[in-house]
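Enquirer: pasting a predicted model and its sequence here:
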Amino acid sequence: MSNGKPVRKVVWICKFSNQELIAHFGNWNIKESSPWINGLITLFSNNETVDLHIVAPNVYNNRDLSFRKSGITYHLYKEFPSFIPRKLDRYIRWNYRTGFASLKKKVSAIVDAIQPDIVHLHGAENAYYSAAILPLMDRYKTMVTIQGFIMDSSPEGIDRYVRRERIRVEKLILSKGANFGIECEFMVEKIREFNPGAHFFRHHYPVTIPGQAKDYAQNGEEYDCVFFGRICRDKGIEDLIRAIGLVKRSKPDVTLHVIGSMDNEYADFLNNLCRENGILDNISFTGFMKTQDQLFREALKAKVTVLPTYHDALPGTVVESMFMKIPVIAYNVGGIPELNTRGNAVILVEKGDIEAMAVKITELLNDREYRKRLGESAFGIIHDMIRPDRIAGDILEAYDRIAPISAS
């Protein structure tokens, strides 16, 4: 009991890395990942109403171990057998080849020892840890929060076999799960294709809210358009390059600034694409930014954010741009259209309509007042939609409804 309230025992199944654990293990070769999970961990640290156990693959030293920090118990497990070097496992794909048998057995043993009131999986699309939820669904109350759908995307660097297995596991989880955390109606529609009887609970993940927003009373804009995030075909960078080529016909000095990392082969491909579209001198590429603050300061130098992503729920690029009052043009996909149900938030273009995208870019670049109105409107909408003070409460309310516990 805590302050007269019963304490709920909760297990999170997820994958993440953060600076605190990187420092704890001293493995500086590991990069931070899944910032939304790290944000959620911060919100639930030292929460007196929840006995939180996080079960995750040990990306730091590939060992089985448990420890407690800031009121949270971490159970990290080996990603793959010790006799397989990490670099070699990229080719062996131990978990995939064995049907995730050892993963399921290991995680089940950890969870059975905890005996939680609810098991909460974060992300069904990543089979290398999400497959662990499948046997647990028969024994515990569970909730699956959707981060995205692998079946709708074609991520670079993943071979067909691995993608096929990830889709197979994802579909099993969507079909078998009873309760799902979702951010938008698009997710509801997708899950109901596999599971008409599913129950849904709305909640957002924490986002890093930029510390500054565009001041339209000042100039200081160095670029016309900015694209930031994962640089790949699925995020629409190739369509955007072609659209900028069309914009250049009426605006010869149009500029596009691209922020993010990519391998040398794809960089060569994009440079050739810029050359083919006559915009080699109109586009600049900035690599990976070490901090989000650096990224935000760079993005604020642009007049418009363009993200013609092919498949997405609520992309961080769109959300962060709205917080920065940068007007956004995006494809009409996933959960993005839902932003406009609250007001004038984002300019939408049908997926693949490059000519329409070029028209909308030109319209925004030619009308400063239009950009200001859209930026201010989007800022108000996203502040009302994503409230850090509501996130933990929404999740706890879902737990109350899925697995109520008595005070006795």
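Expert: Nice, I can see it. Just so it is clear, the structure is predicted and the values come from calculations on it, not from any experiment.
Enquirer: looking at Gly4 now. What's its pLDDT?
Expert: pLDDT, Gly4: 56.
Enquirer: give me the buried positions along the helix or strand bottoming out on mean pLDDT in the chain.
Expert: Lowest mean confidence among the helices and strands of the chain (mean pLDDT, DSSP states H and E): helix 86-92, at a mean of 72. By neighbour count with 16 or more other Cβ atoms under 10 Å, helix 86-92 contains no buried residues. C-betas here are computed from N, CA, C, even on glycine.
Enquirer: my guess is Ile118 contacts Met143. True?
Expert: Yes - between Ile118 and Met143 there is a contact under Cβ atoms under 8 Å: 6.3 Å.
Enquirer: these two: which is more packed in?
Expert: Shown here are Ile118 and Met143; by other Cβ atoms under 10 Å, Met143 has more neighbours (26 against 21).
Enquirer: dihedrals phi and psi, that one?
Expert: phi -140, psi 140 (degrees, to the nearest 10).
Enquirer: these two touch, right, it and Asp117?
Expert: No - Met143 lies out of contact with Asp117 (Cβ under 8 Å); the separation is 11.1 Å.
Enquirer: please enumerate the shared neighbours of those two.
Expert: Counting by Cβ atoms under 8 Å, 6 or more residues apart in numbering, the shared contacts of Met143 and Asp117 are Tyr399.
Enquirer: quick one, what contacts the spatially closest residue to Ile361 that is not a sequence neighbour?
Expert: Leaving aside its chain neighbours, Ile361 sits nearest to Val247 (5.3 Å; criterion: Cβ to Cβ, 6 or more residues apart in numbering). Applying Cβ under 8 Å, 6+ apart to Val247 gives the contacts 254, 358, 361-362, 365.
Enquirer: so what pLDDT did Val55 get?
Expert: So Val55 comes in at 98 (pLDDT).
Enquirer: re the thing from before, what is the nearest of the contacts of Val247 to Leu40?
Expert: When the contacts of Val247 are ranked by distance to Leu40 (Cβ to Cβ), Ile361 comes first, at 35.3 Å.
Enquirer: what about the helix or strand where the closest one lies, average pLDDT?
Expert: Assigning secondary structure by DSSP states H and E places Ile361 in helix 354-365. The predicted model assigns helix 354-365 a mean pLDDT of 98.
Enquirer: which is the next helix or strand following it?
Expert: Downstream of helix 354-365 (by DSSP H and E), the next one is helix 368-385.
Enquirer: what's the following helix or strand after that following helix?
Expert: Following helix 368-385 toward the C-terminus (DSSP H and E): helix 388-402.
Enquirer: look up how far Gly260 lies from Glu32.
Expert: The gap separating Glu32 from Gly260 is 15 Å, by Cβ to Cβ, to the nearest Å.
Enquirer: which of those two has more residues huddled nearby?
Expert: Remark: of Glu32 and Gly260, Gly260 carries more neighbours, 19 against 15, as counted by other Cβ under 10 Å.
Enquirer: next, the buried residues of stretch 52-71.
Expert: For stretch 52-71, the buried set under the neighbour-count rule, 16+ other Cβ under 10 Å, comprises 52-60, 62.
Enquirer: which of the residues you listed lies closest to Met151?
Expert: Within the buried residues of stretch 52-71, the smallest distance to Met151 is 22.3 Å, found for Pro57 (Cβ to Cβ).
Enquirer: and the nearest residue to the closest one once chain neighbours are set aside, what element?
Expert: Nearest non-adjacent residue to Pro57, counting by Cβ to Cβ, 6+ apart: Glu79, 4.4 Å away. Glu79 is located outside every helix and strand, with elements delineated by DSSP H and E.
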